[in-house]
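A.B. asks: Return atomic coordinates for the entry below.
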Amino acid sequence: MITTTLHLANEKLRNRNYVEAIALYEAVKASKPALAKFIDFNLSFCKRKLVDVQSQKKIHQGQQPKVSVIIPVHNVENYLNNCIDSVLNQTLEDIEIILVDDGSTDNSKAILQRYLECDKRIILISNSHSSGNSGIPRNQALARATGEFVAFVDSDDWIEQNMLSDLYKEATISCADIVVSTGFYRELTDGTTEAVNTKNYNFGAATQPNRKILFLNPHFPIVWLRIYRMNFIREQNIKFGETKTSADLPFSFKALFMANSIASVSGIYYHYRFDR
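C.D. replies: Modelled structure (predicted):
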């Protein structure tokens with residue numbers, strides 16, 4: 001009986017009937033736990049493909065969210081609620097939130113599951129093991145994202161309620177590939193907050209031919225100060241480094257180097273939990 005069900009699940013997978021395949025794989029897993037390690041790969045594959053199909057359907061039906069917010073998560077149970085709530089409560093409601101649990105061993109996964117069940121804008125990607133860097137989960141989420149723009153938030157940080165609406169509004173006015181805010185809040189371990197102003201420049205190929213000015217800002221590698229046009233990111237094949245350190249640098253450098261236009265918004269929206 002188990003063998004027959006497993007064969008049927010594999011057949012559903014080959015025919016791209018992911019919903020029925022998932023149900024059959026789950027049934028095998030529940031009745032025969034010893035087989036779990038053999039079917040988990042196919043089960044995860046079906047779930048990923050189902051999300052892809054649903055995402056493409058949204059785009060074709062004209063339901064494309066304005067911004068995809070990507071949040072990689074690893075063992076941040078004490079900060080996670082604050083982070084996700086700040087994104088869910090944005091004044092720009094037409095967003096999708098892609099949460100990537102990167103092999104958490106604390107209560108983070110259970111927290112993410114509760115949010116998944118409460119808000120249809122959330123997509124959850126679960127990795128069985130930690131990748132050891134922030135680049136891999138962000139690249140995973142980028143492959144799934146369907147928004148017109150993409151934003152990044154670290155799972156121990158939080159953002160002001162009007163961040164996405166202000167940056168998106170400027171993007172629609174300026175038609176920029178990238179829109180950047182002009183600072184962030186550094187949240188110190190002693191409970192105090194320090195406002196950090198950054199030098200961000202508007203850039204257009206016709207009006208500012210010297211692109212080097214974009215890299216004079218020492219904060220230029222930081223990805224969470226900006227939103228990025230998704231078509232631009234995909235056309236230029238811009239991705240994060242999959243290394244233990246400086247994973248943001250390849251993404252930020254190539255985005256700033258290849259953008260046709262960059263606009264800035266005067267405002268501070270992002271709360272960075274410093275030296276955690």
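
A.B. asks: CA atoms for contacts and neighbours, from now on please.
C.D. replies: Noted.

A.B. asks: how does the protein divide into domains?
C.D. replies: Per the record, the chain has its domains at 2-59, 64-273, by automatic domain parsing.

A.B. asks: and those domains as CSV, adding mean pLDDT?
C.D. replies: Converted to CSV, these look like this (pLDDT from 0 to 100):
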stretch, mean pLDDT
domain 2-59, 75
domain 64-273, 94
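
A.B. asks: Need the winner for burial among those domains.
C.D. replies: Mean neighbour count (mean count of other CA atoms under 10 Å) peaks for domain 64-273 among these, with a mean of 18.

A.B. asks: tell me how far that one is from the chain's mean position?
C.D. replies: Averaging C-alpha positions (CA atoms, centre = their mean, to the nearest Å) puts domain 64-273 7 Å from its chain's average.

A.B. asks: Phi first, then psi, for residue 11.
C.D. replies: With angles defined as degrees, to the nearest 10, residue 11 sits at phi -70, psi -40.

A.B. asks: Please name the residues that touch the closest residue to it other than its chain neighbours.
C.D. replies: Nearest non-adjacent residue to residue 11, counting by CA to CA, 6 or more residues apart in numbering: residue 21, 8.0 Å away. Applying CA atoms under 8 Å, 6 or more residues apart in numbering to residue 21 gives the contacts 8, 9, 10, 11, 12, 13, 43, 46.

A.B. asks: how about the strands of the protein, start to end?
C.D. replies: Counting by DSSP state E, one finds strands in the chain at the ranges 67-73, 95-102, 122-127, 149-152, 158-159, 178-181, 183-187, 193-197, 203-204, 226-229, 261-265, 270-273.

A.B. asks: Compute the first-to-last residue distance for stretch 170-190.
C.D. replies: Stretch 170-190 stretches 35 Å from its first residue to its last (CA to CA, to the nearest Å).

A.B. asks: hmm, who's touching that stretch?
C.D. replies: By CA under 8 Å, 6+ apart, the residues outside stretch 170-190 that reach it are 167-168, 193-200, 225-229, 232, 259-276.

A.B. asks: for the spatially closest residue to residue 252 that is not a sequence neighbour, phi and psi?
C.D. replies: Spatial nearest neighbour of residue 252, excluding adjacent residues (CA to CA, 6+ apart): residue 221 at 5.2 Å. The phi/psi pair for residue 221 (degrees, to the nearest 10) reads phi -70, psi -20.

A.B. asks: and the residue positioned nearest the centre of the chain, what does it touch?
C.D. replies: The residue lying closest to the centre of the chain (CA atoms, centre = their mean) is residue 70, at 1.4 Å. By CA under 8 Å, 6+ apart, the contact set of residue 70 is 97, 98, 99, 100, 138, 141, 142, 150, 151, 152, 153.
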